[in-house]
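[1] just a sequence and a predicted model for now, questions to come.
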Amino acid sequence: MSALEARIRQAKSKNDILLMTHIVIGYPSFAASLEIVDAMVEAGVDLMELQIPFSEPMADGPVILAANQKAIAAGSTVERCFAFAATVAKKHPIPFLFMSYYNLLFRAGVGSFVARMRAAGVHGAIVPDLPPEEAGEYLDAMQAADTDPIFIFSPSTSDERLRQIAGHARGFVYCVARKGVTGLHTTFSAELDAYLARCRAATRLPLALGFGVQDKTDVAFLRGKVDIAVVGTATLRLIDDEGVSAVGAFVRGLR
Amino acid sequence: MADPLSPDRGYFGKFGGAYLPEILVATFRSLEAAFAAAQADPGFWREYEALLAEYSCRPTPLTFCENLTRDCGGARIFVKREDLNHTGAHKANNVLGQGLLVRRMGKKRVIAETGAGQHGVATATMAAKFGFECTVYMGEVDVERQSPNVFWMERLGARVVSVKDGSRILKDAINEAFRDWAANMDSTHYVLGTACGPHPFPAMVAYFQSIVGKEVRRQVLERTGRLPKRVYACVGGGSNALGVFSAFLADQTVELVGVEAGGRGLHTHKHAARLASADASLGVAQGYRTYFLQDADGQMHETHSVAAGLDYIGVSPILAHLRDQGRVRFESATDDEVVAALARTVQREGLIPALESAHAFAQAFKEAPQLSPDDVIVINQSGRGDKDIFTVADAFGDPLWRDFIRRKAASYASKP
């Protein structure tokens, strides 16, 4: 069991559903990102995705896409994102994960990127445009650095492929709730139950569910079905509409 | 040597691959299977050729340019007339081929990205003919500069979505098309317009465009009794170049020359030369691995060209591989050289190449005088320029045209 998985299981013993939130590093600014992380941790989140912005975020919807572009325009370089991650990982006891697209790892050199990630105290990475077929070098580097590659299940993934992906995964598996990109509405229904049952059958790793999880009702629906509810776009939207100060109360109200 | 157009697990050398979000993996698997089945079916290519003959004027002619040959004083210059395709460019070949594939797959909706608008118009045309629903994604900047094409796409029944994210050009339209596909893959096929993107698109688009090279090789042998010394094609994503080059890959005496957008000059970094400049580097974006114009972190740069169809950050993984193998030479032509080459071709031959295609002419004009009158060169005129009258008139800076537009605008201003 990886260190991340152990942390998740430990947290799970105190809470029947864990919360993972998401930020885009440097959006709306680095100072604001720090405040947001502080407020989220204070409000009790169990894990957090730190997205390093990329100019072509293919799997993200309009809200996260715009945040990526604004963060890059405001000077969010990979270098500054590493420094930011090191700061928050040192300051807060929860596990942090990087989320980004493969080109940023590829350009930095996958081995070097992963080693620096480890040195910054980041526990794992989610790379949504890197299917296991293309991930040989990444998997080796993640193994060598003892950090976790978080892979993705989707409703269109066959049972056989779910098992193949699970064979490469460590830490937990991120289940995408539906077709489409981040930030759209998800119908939490019996169909979703059937999909989650397929996911559960494919792996013994903890399961996270994201894409369209927006409020307390959605999180309540997921109780007992997955281990981690992922709230991404909803907090970014809140920050856009109401500002950073609204984050704490929103997160506290999620479960 | 392995067939250079046939990928090994999606890779051409170290280029290509399929870097896909998990939600799209199954869709790509079924597309791969449908394409393989079509390729294996001898009736499919015949059906494709018959459709193109009936609907898109194929085979397109190979035109001898007597005046340009005399002016250049070197090689005999022939031009492949892809401008005579229905909708005015080689784009029709790929689009009609994918249309047949969509019909085989039983899907009812097609989506496409478009930069200059040619691929969008071709896709909207195909959708009208085959009875598919059609949505075209186009960057807001391109919508502004290519309104006539938007007009035609809408008349043809397509919905044109103006993409307001990112730099609001071709690459952003591609991202948006992928987002649509990730939500609607069961009903929808994404008609990618060039030999880029995740496997199997590069191989599939090159396969449909190979009809161009097959014709050229036969035509040039019939006409001159010899193979060409050099073949010139402009390179945006790379589909017209691969189309015309593919038939000559095994003919080692034929030099293949790809011409990229030199924009305001390579030294200004305002260009779209991925393979002809030192500015590009290996990367992974938009689902595939190739040379991209990007910064040290891997963020994509803005590119520039007078020709919207060449104004793109990446390039076909097949061409990147052929460059590394030394099989294709890459050059670039600046905006100014291209406008001059276009003017010269119009005046001397009465041919009106698209600004994109004029890149190939510009490079051929630089090299033809050094060749012997016994040599034959072929330029691929990938598209026609007359329908891009707004863009071409701007490129020429034509004062009479500007006056006309001002009067026209004034007449609209007085109407409700």
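    Arrived safely.
[2] in the stretch 201-350 of chain B, which residue sits nearest chain A?
    Using Cβ to the nearest Cβ, residue B:298 is the residue of the stretch 201-350 of chain B that sits closest to chain A, at 3.6 Å. Glycine gets a C-beta too; all of them are placed from N, C-alpha and C.
[3] residues contacting that residue?
    By Cβ atoms under 8 Å, 6 or more residues apart in numbering or on different chains, the residues touching residue B:298 are A:54, A:78, A:103-104, A:106-108, B:283, B:285.
[4] one more: residue B:319?
    Contacts of residue B:319 by Cβ under 8 Å, 6+ apart are B:195, B:235, B:238, B:241-242, B:258, B:275, B:328.
[5] who wins for most neighbours among the residues you listed?
    residue B:241 (37 neighbours; other Cβ atoms under 10 Å in any protein chain shown).
[6] tell me the backbone dihedrals of the residue nearest to it when sequence neighbours are not counted, please.
    Using Cβ to Cβ, 6 or more residues apart in numbering or on different chains and skipping the chain neighbours, the partner closest in space to residue B:241 is residue B:233 (3.7 Å). As for residue B:233, its main-chain torsions (degrees, to the nearest 10) stand at phi -150, psi 140.
[7] my guess is residue B:233 contacts residue B:246. True?
    No. In this structure residue B:233 lies outside contact range of residue B:246 using Cβ atoms under 8 Å: 10.8 Å.
[8] the two - which one has more neighbours?
    residue B:233 (33 against 25).
[9] which one of the contacts of residue B:298 is nearest residue B:214?
    When these are ranked by distance to residue B:214 (Cβ to Cβ), residue B:285 comes first, at 31.9 Å.
[10] so how many other residues sit close to that closest one?
    27.
[11] so it touches residue B:291, yeah?
    No. Using Cβ under 8 Å, residue B:285 makes no contact with residue B:291, being 10.9 Å away.
[12] shared neighbours of these two, anything?
    residue B:314.
[13] sorry, back to before: among the contacts of residue B:319, which are located in helices?
    B:241-242 (DSSP state H).
[14] now pLDDT too, for the contacts of residue B:319, in a markdown table please.
    Shown next, in a markdown table, are the contacts of residue B:319 (pLDDT from 0 to 100):
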| residue | pLDDT |
| --- | --- |
| B:195 | 98 |
| B:235 | 98 |
| B:238 | 97 |
| B:241 | 98 |
| B:242 | 98 |
| B:258 | 98 |
| B:275 | 98 |
| B:328 | 98 |
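[15] and the longest strand for chain B?
    Using DSSP state E, we find that the single longest strand of chain B is strand B:255-263.
[16] now for that one, which elements pack on it?
    With contacts taken as 3 or more Cβ pairs under 8 Å, 6 or more residues apart in numbering or on different chains; DSSP states H and E, strand B:255-263 sits against strand B:230-234, helix B:239-245, helix B:317-324, strand B:328-334, helix B:335-349, helix B:355-367.
[17] buried deepest among the ones you listed, which one?
    The highest average neighbour count among the helices and strands packed on strand B:255-263, using mean count of other Cβ atoms under 10 Å in any protein chain shown, belongs to helix B:239-245 at a mean of 32.
[18] residues in contact with the residue of the stretch 51-200 of chain B found nearest chain A?
    With Cβ to the nearest Cβ as the measure, residue B:183 is the residue of the stretch 51-200 of chain B nearest to chain A, at 3.5 Å. Residues in contact with residue B:183 (Cβ under 8 Å, 6+ apart) are A:179-181, A:184.
[19] which bits of the stretch 151-300 of chain B sit near chain A?
    Applying Cβ under 8 Å from any Cβ of the partner chain, we find that the stretch 151-300 of chain B lies next to chain A at B:165-166, B:171, B:175, B:178-179, B:182-185, B:281-287, B:289, B:292, B:294, B:296-300.
[20] pull out the buried members of those.
    B:165-166, B:171, B:175, B:178-179, B:182, B:184-185, B:283-287, B:289, B:292, B:294, B:297-300 (16 or more other Cβ atoms under 10 Å in any protein chain shown).
[21] just those residues: which are in helices?
    Counting by DSSP H, the part of these found in helices is B:171, B:175, B:178-179, B:182, B:184.
[22] which residues in the chain form strands?
    With no chain named, the answer covers chain A. A:18-24, A:47-51, A:96-99, A:124-126, A:148-150, A:152-153, A:173-176, A:207-210, A:228-231.
[23] meant chain B actually
    Secondary structure of chain B by DSSP E: the strands cover B:11-12, B:15-16, B:62-64, B:76-81, B:109-114, B:133-139, B:159-163, B:188-190, B:230-234, B:255-263, B:281-285, B:288-292, B:328-334, B:376-381.
[24] dump those to JSON lines, plus distance to residue B:121.
    Converted to JSON lines, those look like this (distance: least, Cβ to Cβ, whole Å):
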{"stretch": "strand B:11-12", "distance to residue B:121": "29"}
{"stretch": "strand B:15-16", "distance to residue B:121": "28"}
{"stretch": "strand B:62-64", "distance to residue B:121": "24"}
{"stretch": "strand B:76-81", "distance to residue B:121": "18"}
{"stretch": "strand B:109-114", "distance to residue B:121": "8"}
{"stretch": "strand B:133-139", "distance to residue B:121": "9"}
{"stretch": "strand B:159-163", "distance to residue B:121": "10"}
{"stretch": "strand B:188-190", "distance to residue B:121": "17"}
{"stretch": "strand B:230-234", "distance to residue B:121": "19"}
{"stretch": "strand B:255-263", "distance to residue B:121": "21"}
{"stretch": "strand B:281-285", "distance to residue B:121": "26"}
{"stretch": "strand B:288-292", "distance to residue B:121": "25"}
{"stretch": "strand B:328-334", "distance to residue B:121": "25"}
{"stretch": "strand B:376-381", "distance to residue B:121": "18"}
